[in-house]
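Visitor: Any chance you can model this:
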Amino acid sequence: MSHTYELMEIARVGSLFLCGDWLEQVMTPERRSYVSGDDIDFDEDSFNALKRTLLLTERIDRSRRDVTCCLWVRRPDHPSRAETLIGGRSLPVEGHHIIEMGPELCRAFAGMPTSRIRSGGEETVYYPVRNSEEEIVGVLEVSVYGEPYFI
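Guide: I've put the predicted structure just below:
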């Protein structure tokens, strides 16, 4: 008997295994203020743990459809903007660019899981990621794309 999981279920399960403290520790302390430039150093252990969790989350429903995951964080210098810090197998449709947060991403950063149907009919779910103090430090995006980017 086969079962296809809803994206919200996949995001909920994935968020249970994502440690928000790791997400906060991915960038080294001297880079957390987002000094201009592309030479961002990462804490290897935290980055690898999160990347592995994203890749495992993408495999939850692999037999039925291709799911991609990534982690969004707010920009400390512009709280209304967000960027992808870590992607699983691919980046989101927005790519690696810093974006103005849309209403769905804003709701997730406010603590409310939400979903979105993109223009091509593809579904995306946004789920908050909390640290050990229950603060929302990021958002897990789980998507199904008709034409995935960067795979």
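Visitor: The lengthiest strand in the chain pairs with which strands, parallel or anti?
Guide: Ordering each strand of the chain by length in residues (DSSP state E) puts strand 78-87 first. Strands that pair with strand 78-87, judged by DSSP bridges, come out as strand 68-75 (antiparallel), strand 99-100 (antiparallel).
Visitor: got the contact list for it?
Guide: 23, 26-27, 47, 50-51, 54, 68-75, 91-92, 94-101, 105, 109, 138-139, 141, 150 (CB atoms under 8 Å, 6 or more residues apart in numbering). To be clear about C-beta, it is placed using only N, CA and C from the backbone, and glycine gets the same treatment.
Visitor: sorry, back to before: just the strands paired with strand 78-87: most buried one?
Guide: strand 68-75 (a mean of 22; mean count of other CB atoms under 10 Å).
Visitor: quick one: low-confidence ranges for the protein?
Guide: Residues of the chain meeting the criterion pLDDT under 70: 1-4, 28-41, 63, 146-151.
Visitor: Tell me where it has strands.
Guide: So, for the chain - with DSSP E - the strands run 68-75, 78-87, 99-100, 114-117, 123-130, 136-143.
Visitor: With just CA atoms, put the first one into CSV.
Guide: Translated: strand 68-75. Only the C-alpha atoms of strand 68-75 are listed here, as CSV (Å, rounded to 0.1, in the frame of the first residue of the first chain):
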residue,chain,number,x,y,z
THR,A,68,13.5,19.9,-2.4
CYS,A,69,14.3,21.6,0.9
CYS,A,70,16.2,24.7,2.0
LEU,A,71,16.6,26.9,5.0
TRP,A,72,15.8,30.6,5.0
VAL,A,73,17.2,33.1,7.5
ARG,A,74,16.5,36.8,8.0
ARG,A,75,19.1,39.3,7.0
